[in-house]
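Let's see this in three dimensions:
(one chain, ligands or ions: 1)
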Amino acid sequence: MVNEEWAPPGIDTTKPSVARVYDFMVGGKDNYAIDRMVAQRALEIMPDAQEAGRACRAFLRRVVHYLAADVGIRQFLDLGSGLPTDTNVHQVAQSVDPATRVIYVDNDPMVLVHGRALLASNDTTAVVQADIREPQQILDHDVVRDQLDFTEPIGLLMLSILHHLNDDEDPGAVAATLRDALPSGSHLAIIHFWDPAEEQPEVAAKVVDAERVFNETLGTGRWRRRDEVQAYFGDFELVEPGLVPLAEWRPNDKDKAEQTDSYYTMIGGVARKP
Ligand SMILES: C[S@@+](CC[C@H](N)C(=O)[O-])C[C@H]1O[C@@H](n2cnc3c(N)ncnc32)[C@H](O)[C@@H]1O
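Numbering: from 1, shown residues only. Model (predicted):
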């Protein structure tokens with residue numbers, strides 16, 4: 001746990017942040033009392049929510065390894081990258097090819113502070129502070145333009161970020177702007193809070209409560225239905241096994257999950273630009 005007396009300059013510890021609440025959920029130490037309070041409220045509704053956090057990180061590792069090793073992607077743009085944790089995108093991708101370029105983008109200032117410290121000696125990886133609600137600014141950013149070659153396939157990661165855009169912020173338009181900028185052969189990976197609706201009515205009732213708590217405390221958090229999430233892929237072609245509960249996406253033996261409630265609250269997939 002961080003010392004409550006100390007925070008990096010510019011970090012407001014009186015307001016919870018999505019990045020720090022998530023950090024707590026995945027077992028990190030870069031969170032404050034206010035973040036843990038929000039996390040505890042979510043855990044009251046969904047006691048196995050930390051399992052969902054672990055499933056997200058395991059999905060991320062499998063997806064990035066698949067894109068780097070099987071598809072041959074050598075450049076990644078990770079939007080809403082979060083605070084550094086045990087195994088990060090660049091570590092997975094660069095274990096396949098150390099020359100792989102990775103750009104992390106997040107709007108939380110703490111991600112920038114910790115990301116820069118982590119990457120001090122890595123010249124193929126960078127962290128940029130920007131807001132996904134302004135996708136064109138990300139695409140035009142000097143670092144993004146310098147580091148990524150938009151004539152070669154890119155791995156665009158939007159893992160647990162689009163559900164932090166409210167409906168009036170038009171996540172569909174944000175996703176479309178980003179998809180349109182990518183060359184053919186690029187891949188888009190998404191994790192999204194999932195409202196399993198009639199597929200799992202008891203879980204669907206709980207996500208209504210979870211959405212209320214997130215919006216009261218963090219001001220964001222939308223659990224969307226499968227078809228709403230699928231729309232973010234546009235005309236990209238989903239690779240097998242499609243848009244599925246995270247643990248079902250090309251699982252390793254060690255990532256096998258029990259099908260508890262949280263299993264049905266997150267959905268993910270990967271799709272290729274034709
Ligand atoms: C739940 S974390 C996900 C971290 C990582 N992608 C993962 O899947 O493990 C969501 C991240 O998105 C960031 N975020 C939320 N809204 C954002 C926005 N409008 N622009 C950029 N980043 C945002 C948060 O700061 C947080 O770090």
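
Now do the contacts for the residue of the stretch 151-274 of the chain found nearest the ligand.
Closest to the ligand within the stretch 151-274 of the chain is L159: 3.4 Å, counting by Cβ to the nearest ligand atom. All C-beta atoms are positioned from the backbone trio N, CA, C, and that covers glycine. By Cβ atoms under 8 Å, 6 or more residues apart in numbering, the contact list for L159 reads 56, 59-60, 78, 80, 189-191, 268.

Contacts only, for R226.
194, 196-197, 199, 243, 267.

Kindly report the same for A231.
G172.

backbone phi and psi for it, please?
phi -60, psi -30 (degrees, to the nearest 10).

The contacts of L159 in helices, which ones?
56, 59-60 (DSSP state H).

you'd agree G53 is up against M25?
Yes: if you go by Cβ atoms under 8 Å, G53 and M25 touch, sitting 3.7 Å apart.

picking up where we left off before, ok, and which of the contacts of L159 reach the ligand?
Filtering those for proximity to the ligand by Cβ under 6 Å from any ligand atom leaves 56, 60, 80, 191.

got the residues of this structure near the ligand?
18-19, 22, 56-57, 60, 80-82, 106-108, 111, 131-133, 159-161, 164, 191.

repeat that for 8 Å
Residues of the chain lying close to the ligand by Cβ under 8 Å from any ligand atom are 17-19, 21-22, 26, 53, 56-57, 59-60, 78-83, 85, 105-108, 111, 130-133, 157-161, 164-165, 169, 191, 220.

and the closest residue to K273 other than its chain neighbours, backbone torsions?
Leaving aside its chain neighbours, K273 sits nearest to S186 (4.7 Å; criterion: Cβ to Cβ, 6 or more residues apart in numbering). Phi and psi for S186, reported as degrees, to the nearest 10, are phi -70, psi 160.

again, but for the one 10 residues further on
Listed backbone geometry of P196 is phi -80, psi 0, with angles given as degrees, to the nearest 10.

Hmm, A204 and it touching each other?
Yes: between P196 and A204 there is a contact at 5.5 Å, judged by Cβ under 8 Å.

On the strand side of things, show who the residue sitting nearest the centre point of the chain bridges to.
The C-alpha lying nearest the average C-alpha coordinate of the chain belongs to L159 (Cα atoms, centre = their mean; 2.3 Å). Legend: beta-bridge partners of L159 under DSSP bridges are I191.
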